[in-house]
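Engineer: Sharing a model prediction with you, sequence too.
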Amino acid sequence: MKGVSFGNAELSELKTALVWAGQEGWNPGQDDAEAFFATDPDGVFVARKNGEIIAAISVVNHDDTMAFLGLYLCKPDFRGQGVGYALWQHGLRHAGGRSIGLDGVAEQETNYAKSGFVRVGATTRFQGNISKDAAEGVRSYDPERDFASLAAMDRQSIGYGRSRFLQAWLTEDVQTRKTVVQMHNGKIAGFATIRLCQNGAKIGPVTAQDPRAALSLMRAAAASLDVSEVMVDLPNSAVPFRTSLEMLGFVKTFETARMYRGRPAQTSEICMAVATMELG
């Protein structure tokens, strides 16, 4: 690895890594880079040779207990030379004593296990068409009055706090990403975020009290960006919601292994869909 150095990524380099992710078929969002970077600016790493990035990884610290690993990529010409694994080790150190989660492709699951990661389930992508309805009781997100409630509900849903991520993910400053909230008896009962991707649109997270409520949120989210064909990434605990989607004609298109090193996060029954496979 002569001439290869490792260090923190600049925002422009993260954008390059997301272009690579698109080339691998991961289909990131059009404006993911800024939100990912804002979550943990010190949690994105690259390998460089002659000033050019040749590999990337993110190990984002969400709170004092949990980190999430993603965007593990290496340019084809440098694979099989130890560059990716050296960067992997470099990035893992950033998590310190935190548990680390990841959504890994099947062909890498054995390699992840060698670093202490244990499979606890799967994250499955479904794709289909949904009607664009302005569902009763669902409205647009208001940062000033809604953020604290959504952050608390998100913590309940996934088992740890990620306020920096949510502040960036839910921002109303991005036209390609919108969030809707569901009200019940004057209180927030759920929320969903939709974003335009390189191809189509993804909805996540979806946090709701039951599958029917989750579908109402998805319909309202689709209407907010005027799209009908959407993708959604489900934890394997969301079995009833999966059944509801399949009844609407949604089909499985992609699956990853959800793995943890350390204590796994404990998701609850209101976690219908994850936010992003890259950051959890």
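Structural biologist: Perfect, thanks for sending it. Just so you know, these numbers come straight off a predicted model, no measurement behind them.
Engineer: What is the longest helix seen in the chain packed up against?
Structural biologist: In the chain, assigned by DSSP state H, the helix with the most residues is helix 143-158. Here helix 143-158 touches helix 163-169, strand 177-184, strand 187-196, strand 201-207, going by 3 or more C-beta pairs under 8 Å, 6 or more residues apart in numbering; DSSP states H and E. Placement of C-beta: from N, CA and C, glycine included.
Engineer: Quick one: those as CSV, columns for mean pLDDT too.
Structural biologist: Output for the helices and strands packed on helix 143-158, formatted as CSV (pLDDT from 0 to 100):
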stretch, mean pLDDT
helix 163-169, 98
strand 177-184, 97
strand 187-196, 97
strand 201-207, 98
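Engineer: just the helices in the chain please.
Structural biologist: 11-23, 32-39, 83-92, 109-114, 143-158, 163-169, 211-224, 239-247.
Engineer: pLDDT below threshold where in the chain?
Structural biologist: 1 (pLDDT under 70).
Engineer: let's see it at 80
Structural biologist: 1, 133-136 (pLDDT under 80).
Engineer: Quick one: closest of the helices and strands packed on helix 143-158 to R139.
Structural biologist: strand 177-184 (6.1 Å; C-beta to C-beta).
Engineer: ok, and for the closest one, which residues are buried?
Structural biologist: Neighbour counts over strand 177-184 (16 or more other C-beta atoms under 10 Å) mark 177-182 as buried.
Engineer: Equivalent analysis for stretch 156-175, please.
Structural biologist: 157-166, 168-171, 174.
Engineer: Can you verify my assumption that D226 contacts K132?
Structural biologist: Yes - judged on C-beta atoms under 8 Å, D226 makes contact with K132 at a distance of 6.8 Å.
Engineer: Could you find the closest non-adjacent residue to R177?
Structural biologist: R195 (4.0 Å; C-beta to C-beta, 6 or more residues apart in numbering).
Engineer: Number of residues surrounding that neighbour?
Structural biologist: 24 (other C-beta atoms under 10 Å).
Engineer: Could I get the contacting residues of it?
Structural biologist: Residues in contact with R195 (C-beta atoms under 8 Å, 6 or more residues apart in numbering) are 29-32, 176-178, 201-202.
Engineer: And the furthest pair within these?
Structural biologist: So for the contacts of R195, where distance means C-beta to C-beta, the most widely separated pair is D32 and K178, at 14.4 Å.
Engineer: Mind picking the two most distant members of the buried residues of stretch 156-175?
Structural biologist: G159 and V174 (26.6 Å).
Engineer: returning to what we had before: can you point out the buried residues in the longest helix of the chain?
Structural biologist: Buried residues in helix 143-158 (16+ other C-beta under 10 Å): 146, 150-151, 153-155, 157-158.
Engineer: now those in a markdown table, with distance to A38?
Structural biologist: Converted to a markdown table, those look like this (distance: C-beta to C-beta, whole Å):
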| residue | distance to A38 |
| --- | --- |
| D146 | 19 |
| L150 | 17 |
| A151 | 15 |
| M153 | 21 |
| D154 | 16 |
| R155 | 19 |
| S157 | 21 |
| I158 | 19 |
